[in-house]
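Trainee: can't give you the sequence, but here's the structure:
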């Protein structure tokens, strides 16, 4: 899956909610992703959710993207209970974020790690770790407030940074974060949960939900038109 940047910066975030199978500190505040059961939420400990964000916006003229081939996959479990565009787990713009200060580099927070977590270097060709430019904190979502819609909560503060801006090359082609495990026998590694001309949300499972596994948000960039067209076709048919 290939993406296109239009300026020299890129935002990459990791929002800790309720799903990534990492045993981190046990005294974290309770953060939630929506459960697959109506009106319920996923228990916050010890699971977390990994999300990321790319943001590019410029008036530069970039050559059109080449056509690519995408396929459909059947999902496991029930589809999401609301449009993806209106879902705060699938549309990061509903949550929002705020700039913060800190170290512009990799930080070890301690705790166990997942050797199969999505890797930033795989977004670039050849693989590399880009420079970090700006740091942010993402807002939590309180599903217990005003059910079933929920309300935006406070900034997630369990970690100093949950979103960061990284430097890129204008017009650079970007792939989704690298992760080796396949999600089906055909070799696919990710499933699109939401796509528009400027936004893409993927998961590394076959579930139409943020409640299990890794979820990645890519924002404000040129999504390949063929991917957007196929997503809208399948979404209109009932996901």
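Mentor: Here it is on my side, so go on. This one's a predicted model, so the numbers in the text were calculated from it and none came from an experiment.

Trainee: What residues are bridge-paired with the residue nearest to the spatial centre of the chain?
Mentor: In the chain, the residue lying closest to the centroid (Cα atoms, centre = their mean) is residue 216, at 1.8 Å. For residue 216, the beta-bridge partners are residue 202 (DSSP bridges).

Trainee: my guess is it contacts residue 205, does it?
Mentor: No: applying Cβ atoms under 8 Å as the test, residue 216 and residue 205 come out as separate, 11.5 Å apart. (C-beta placed from N, C-alpha, C; glycine too.)

Trainee: any common contacting residues for the two?
Mentor: Residues touching both residue 216 and residue 205 (Cβ atoms under 8 Å, 6 or more residues apart in numbering): none.

Trainee: Now do the residue nearest to the centre of the chain against residue 190, distance only.
Mentor: Residue 216 sits 8 Å away from residue 190, going by Cβ to Cβ, to the nearest Å.

Trainee: Mind giving me the packing neighbours of the top strand by length along the chain?
Mentor: Across the chain, the longest stretch assigned as strand under DSSP state E is strand 132-142. Packing partners of strand 132-142 (3 or more Cβ pairs under 8 Å, 6 or more residues apart in numbering; DSSP states H and E): strand 9-13, helix 92-95, strand 97-100, strand 151-155, strand 163-167.

Trainee: So which of the ones you listed is the most surrounded?
Mentor: Greatest average neighbour count among these goes to strand 9-13 (a mean of 23), per mean count of other Cβ atoms under 10 Å.

Trainee: what about that one, average pLDDT?
Mentor: In this model, strand 9-13 has a mean pLDDT of 56.
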